[in-house]
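Engineer: here is a sequence together with a model predicted from it:
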Amino acid sequence: MEDVRVRLCGGPEDGHEVSVSADPSGKPIPRITMPLKSPHVRAVVVYERHRARRDGSWEFTYVGVEA
């Protein structure tokens, strides 16, 4: 499985870019989670695949936080 560059839109990670795994068709996995950067809260930030960008990367949109 190849990796794809993803730009995060909205939420606490807005503007950051990360690499995620792609399926055989080249699309990134549909949903990613990351630990919330807070020493007092155990939760994950959730982003979902939104659209492909002209430069070959993808946009993932913030959908919320899960405990």
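Structural biologist: Arrived safely, thanks for sending.

Engineer: which parts of this structure are strands?
Structural biologist: For the chain, the strands defined by DSSP state E occupy 3-9, 17-21, 31-35, 44-52, 58-66.

Engineer: return the list of strands paired to the first one, each annotated with direction.
Structural biologist: With DSSP bridges as the criterion, the sheet partners recorded for strand 3-9 are strand 17-21 (antiparallel), strand 58-66 (parallel).

Engineer: buried set for the last one?
Structural biologist: Spelled out, that is strand 58-66. Residues of strand 58-66 classed as buried: W58, F60, Y62 (neighbour count, 16 or more other Cβ atoms under 10 Å). Just so you know, the C-beta spots here come from the backbone N, C-alpha and C atoms, and that holds for glycine as well.

Engineer: which of these sits closest to I32?
Structural biologist: Of all the buried residues of strand 58-66, I32 sits closest to F60, with 6.4 Å by Cβ to Cβ.
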